[in-house]
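*Asks:* my questions are about this predicted structure, shown below with the sequence.
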Amino acid sequence: MRKLLLTTAAVAAAIAGAFADETAFGTITDKRDGQTYRTVTIGRQTWMAQNLNYRTDSSWCYDGDNSYCKKFGRLYNWDAARKACPSGWHLPSRQEWNELAVAAGGSDFAGKKLKAKNGGWRDESGRPYNGTDNYGFSALPAGDRDLGGNFHPDGYSGYWWTATKHNHIDDLYGASAYHREIYYQTAWVSDNKQYTAFGLSVRCIKDGGGKPSEAEIQKRKEEERRKEVELRKKETDSTIEKLSTYFTDPRDGRSYRAVEIGGKKWMAHNLNYETPGGSWCYDNNISNCTKYGRLYNWKTATTACPAGWHLPTRGEWDSLMLAVGGKMMKDRYDYFNWVGALDKLKAKRGWYNAGDLIDGNGTDDYGFSALPGGGRNSDGGNEGSILYDGFWWTASEKMKHLAYERYMSYAGSRVTEGSSLKNKAFSVRCVQNSDGKPLDLAMWKKIEEQRVKEDEQKKKEEERWQKEAEERIKRISVYFTDTRDGNKYRAVKIGAKTWMAENLNYQTPSGSSCGGKADSNCVKYGRLYNWETATAVCPSGWHLPSEKEWDDLVATVGGKMHYITGPTATNRVWNGAGKKLKAASGWKWNEDVDKSGNGTDDYGFSALPGGSTPFGGIGEHGYWWTTRPGYRRVIGYFSDSFVEDDCHPDLRLSVRCVQDDS
């Protein structure tokens, strides 16, 4: 029989016949190595219809296997990706990816339409999840390479770099850039960020089309950002200058800015007077003293301020918080915390800033310009961290070895009061003597009375809700007994599955323990099991849930899935599902936002925070095993989300069993 040999152009023509009229196909030969790639024009753009496979430094074949390069193309770190495309082509910008998604029907649907029809897309069990490939883009699930040189499974996801850098630089993992992701189970194209040292796929886009180059776009954006920063800095400096006065410390000639807030005149810099003893620079680095001021132990701090100024008392700090509109809250330890004051007192520059992820800087409404100078602990090591934490002494003692201090963080929403050992070293802000009004005790009393009233109302609401939740849960529950030890468990049906509504508490000969080594924690939270034990510990007729069963559970309760990329993996997160699954009581209070960590327990699942061994977390986190080795599901007191991540199989976590199909 005669063989039929098709040219590359003929193959492209044959493919084109299967697609819409507005889709045009062609080929491009990379002159550097002679490799030929299919191309496709979608809307106004012409893209390579295959992942790039040009060998450069800092590029890899998946798992070190050359056959993967032939099928999926190479994986490049971001710096290599920016320079990898052949002449006349370039790494697409974030905006160019957006235009592709719009042309393919929008980001919510483009993933399915861009995925290859026979590209090996699959789930963990091997079930195929290929796309419709409406435009011939033929996206393939090439996986990625992480910072440790590990390759994440091909078949599940495809990741492609954009040319757009993100403005976050992590102290540990370095810079980030934007990338696009298509996942086997979803129909959309995700816009995420990843560390630039990761290895991801590259799709090149043709130059031209009347659009500026990526380099020109980046240059324009950088210039716009520079002008915006300069303008903001100028406006900020002008406002603060109007609020400020200046004085000189006659002891060393240093000049300090000061501002009047609530009738009191405060130093608007941390003190930087070098005492004969009892003061240090953070990390023993003189440059930290220059920027953040010195750190003083409490005894030294009480006498460190210049003549006419003094270390502020606890009450004077409180009056400052009231003056900037802080709402006073008393915590369980009878410390006062001030919600709403933090951002108004923090400087606009100098705090940890991760761009879109988190900006720790403040609004500095009053020119107080608080900076994160960190601290020094009793052993001479660092307390907290420069960029993250600021500590300031008050002149008020708590007891013989303790004094009150104030704390500000790059994160959270409040200024926190605490007490620390007097031999620790913190920053000092001085307040002028006999200047302004004393603390408004009548206002303080009024706020405290209002707080008590709010607490009483909140308590009544919580009691009512708790009673209603208990009655509702009782109506939807069934009960069964574990014949091995006689323990009785509550169960609920959620979707098509019946789940235990309590953590398992069956004592195995080995591989399990009570959290915190306390029997009472087993009674309340169930036992904690390593993964191997967990896979076989459920009673007859029940089993450890698979990833799919957990996925179906959170989908049933309305969880909205998205992805979070960490230093070594991309994990799934379901927003809202954690709150609906958490028990209505038993979770830690979230002091950062003054909000209960409890859930609404809409389905009677009643998840409780049993923590883990050896890392603890009782009252704060719940961890449950899945049948996938080393994978768990997590709920935290501080979040309404339900999270998937990986961990070591020797950790001991909780177990929820699901009933076998009848």
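*Replies:* Looks like it came in fine.
*Asks:* and the strands in the stretch 501-650 of the chain?
*Replies:* With DSSP state E, counting those that start in this stretch as the criterion, the stretch 501-650 of the chain has strands at 512-513, 528-529, 542-543, 560-565, 570-575, 621-625, 631-636, 642-646.
*Asks:* highest mean neighbour count out of the ones you listed?
*Replies:* Most buried of the strands of the stretch 501-650 of the chain by mean neighbour count (mean count of other CB atoms under 10 Å) is strand 528-529; its value is a mean of 28. In this view, the C-beta of every residue, glycine as well, is placed from N, C-alpha and C.
*Asks:* run through who's touching that strand.
*Replies:* The contact list for strand 528-529 (CB atoms under 8 Å, 6 or more residues apart in numbering) reads 504, 508, 511-515, 537, 610-613, 625, 652-655.
*Asks:* re earlier: nearest to residue 318 among the strands of the stretch 501-650 of the chain would be which one?
*Replies:* Taking CB to CB, strand 631-636 is the member of the strands of the stretch 501-650 of the chain nearest to residue 318, at 31.6 Å.
*Asks:* quick one, which of the contacts of strand 528-529 are buried?
*Replies:* 504, 511-515, 537, 610-613, 625, 652-655 (16 or more other CB atoms under 10 Å).
*Asks:* what residues are up against the spatially closest residue to residue 615 that is not a sequence neighbour?
*Replies:* Once flanking residues are discounted, residue 615 sits nearest to residue 651: 7.4 Å by CB to CB, 6 or more residues apart in numbering. For residue 651, the contacting residues are 530-531, 612-615, 623, by CB under 8 Å, 6+ apart.
*Asks:* any chance of the residues you listed in JSON lines, plus pLDDT and distance to residue 84?
*Replies:* Below are the contacts of residue 651 laid out as JSON lines (pLDDT from 0 to 100; distance: CB to CB, whole Å):
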{"residue": "530", "pLDDT": "95", "distance to residue 84": "44"}
{"residue": "531", "pLDDT": "95", "distance to residue 84": "40"}
{"residue": "612", "pLDDT": "94", "distance to residue 84": "43"}
{"residue": "613", "pLDDT": "91", "distance to residue 84": "46"}
{"residue": "614", "pLDDT": "87", "distance to residue 84": "45"}
{"residue": "615", "pLDDT": "84", "distance to residue 84": "41"}
{"residue": "623", "pLDDT": "96", "distance to residue 84": "41"}
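*Asks:* wait, residue 250 sits on residue 309?
*Replies:* No: applying CB atoms under 8 Å, one finds residue 250 not in contact with residue 309, separated by 11.6 Å.
*Asks:* neighbours around the nearest residue to residue 610 once chain neighbours are set aside, how many?
*Replies:* For residue 610, ignoring the flanking residues on the chain, the nearest one in space by CB to CB, 6+ apart is residue 525 at 3.4 Å. Residue 525 has 24 neighbours, counted by other CB atoms under 10 Å.
*Asks:* what of residue 285?
*Replies:* Neighbours of residue 285 (other CB under 10 Å): 12.
*Asks:* for residue 382, see how far away it is.
*Replies:* Taking CB to CB, to the nearest Å as the measure, residue 285 and residue 382 are separated by 11 Å.
*Asks:* ok, now residue 308?
*Replies:* 32 Å.
*Asks:* those two: which is more packed in?
*Replies:* Legend: neighbour count by other CB under 10 Å for residue 308 and residue 382, higher for residue 382 (15 against 12).
*Asks:* quick check, that one in contact with residue 373.
*Replies:* No: using CB under 8 Å as the test, residue 382 is too far from residue 373 to be in contact (10.9 Å).
*Asks:* what touches both of these two?
*Replies:* Common neighbours of residue 382 and residue 373 (CB under 8 Å, 6+ apart) are residue 282.
*Asks:* for the lengthiest strand in the chain, packing partners?
*Replies:* Scanning the chain for the longest strand, with DSSP state E as the assignment, gives strand 157-170. Applying 3 or more CB pairs under 8 Å, 6 or more residues apart in numbering; DSSP states H and E, one finds that strand 157-170 contacts helix 78-84, helix 94-103, strand 174-183, strand 189-195, helix 214-243.
*Asks:* other residues contacting the next helix or strand after the last one?
*Replies:* Okay, so that is helix 214-243. From helix 214-243 onward toward the C-terminus, using DSSP states H and E, the following helix or strand is strand 244-248. Residues from elsewhere that reach strand 244-248 (CB under 8 Å, 6+ apart): 254-260, 265, 268, 367.
*Asks:* list the buried residues of strand 244-248.
*Replies:* residue 247.
*Asks:* given whatever helix or strand comes next after that strand, what are its sheet partners and their directions?
*Replies:* Proceeding N to C from strand 244-248, the next assigned helix or strand is strand 255-261, under DSSP H and E. When pairs are called by DSSP bridges, strand 255-261 turns out to pair with strand 244-248 (antiparallel), strand 264-267 (antiparallel).
*Asks:* in TSV: the contacts of residue 651, plus distance to residue 659.
*Replies:* Formatted as TSV, these follow (distance: CB to CB, whole Å):
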residue	distance to residue 659
530	23
531	21
612	25
613	27
614	31
615	30
623	22
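*Asks:* out of those, who's nearest residue 389?
*Replies:* Once CB to CB is applied, the member of those that ends up nearest residue 389 is residue 615, at 22.6 Å.
*Asks:* give me the phi and psi for that closest one.
*Replies:* Note on residue 615: its backbone torsions stand at phi -90, psi -10 [degrees, to the nearest 10].
*Asks:* and the strands paired with strand 255-261 as a markdown table, adding mean pLDDT and distance to residue 290?
*Replies:* Formatted as a markdown table, the strands paired with strand 255-261 follow (pLDDT from 0 to 100; distance: least, CB to CB, whole Å):
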| stretch | mean pLDDT | distance to residue 290 |
| --- | --- | --- |
| strand 244-248 | 92 | 17 |
| strand 264-267 | 94 | 16 |
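*Asks:* turn those strands into a markdown table, including distance to residue 478.
*Replies:* Converted to a markdown table, the strands paired with strand 255-261 look like this (distance: least, CB to CB, whole Å):
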| stretch | distance to residue 478 |
| --- | --- |
| strand 244-248 | 69 |
| strand 264-267 | 63 |
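*Asks:* and for stretch 411-421, what's in contact with it?
*Replies:* Here stretch 411-421 has contacts from 314, 317, 321, 326, 329, 335-343, 345, 358, 360, 378, 391, 398, 401-409, 426, 591-594, using CB under 8 Å, 6+ apart.
*Asks:* out of the residues you listed, which are buried?
*Replies:* Buried, going by 16+ other CB under 10 Å: 314, 317, 321, 326, 329, 336-339, 341-343, 345, 360, 391, 398, 403-409, 426, 591, out of the contacts of stretch 411-421.
*Asks:* among those, name the ones in strands.
*Replies:* Going by DSSP E, the strands hold 329, 336-339, 391, 398, 403-409, 426 from the buried ones among the contacts of stretch 411-421.
*Asks:* quick revisit: of all the strands paired with strand 255-261, which one is nearest residue 92?
*Replies:* Across the strands paired with strand 255-261, closest to residue 92 is strand 244-248 (CB to CB), at 48.1 Å.
*Asks:* okay, domains of the protein per the record?
*Replies:* 8-211, 239-439, 470-659 (automatic domain parsing).
*Asks:* what residues of stretch 462-474 count as buried?
*Replies:* 469, 473.
*Asks:* what's next to it, contact-wise?
*Replies:* Here stretch 462-474 makes contact (CB under 8 Å, 6+ apart) with 492, 501, 584-585, 596, 600-601, 604, 606.
*Asks:* residue 481: which of those is nearest?
*Replies:* residue 501 (14.3 Å).
*Asks:* what stretches of the stretch 1-150 of the chain score poorly on pLDDT?
*Replies:* 1-23, 107-108 (pLDDT under 70).
*Asks:* with adjacent residues omitted, what lies nearest to residue 159?
*Replies:* Residue 159's closest residue in space is residue 200 (CB to CB, 6+ apart), at 4.2 Å.
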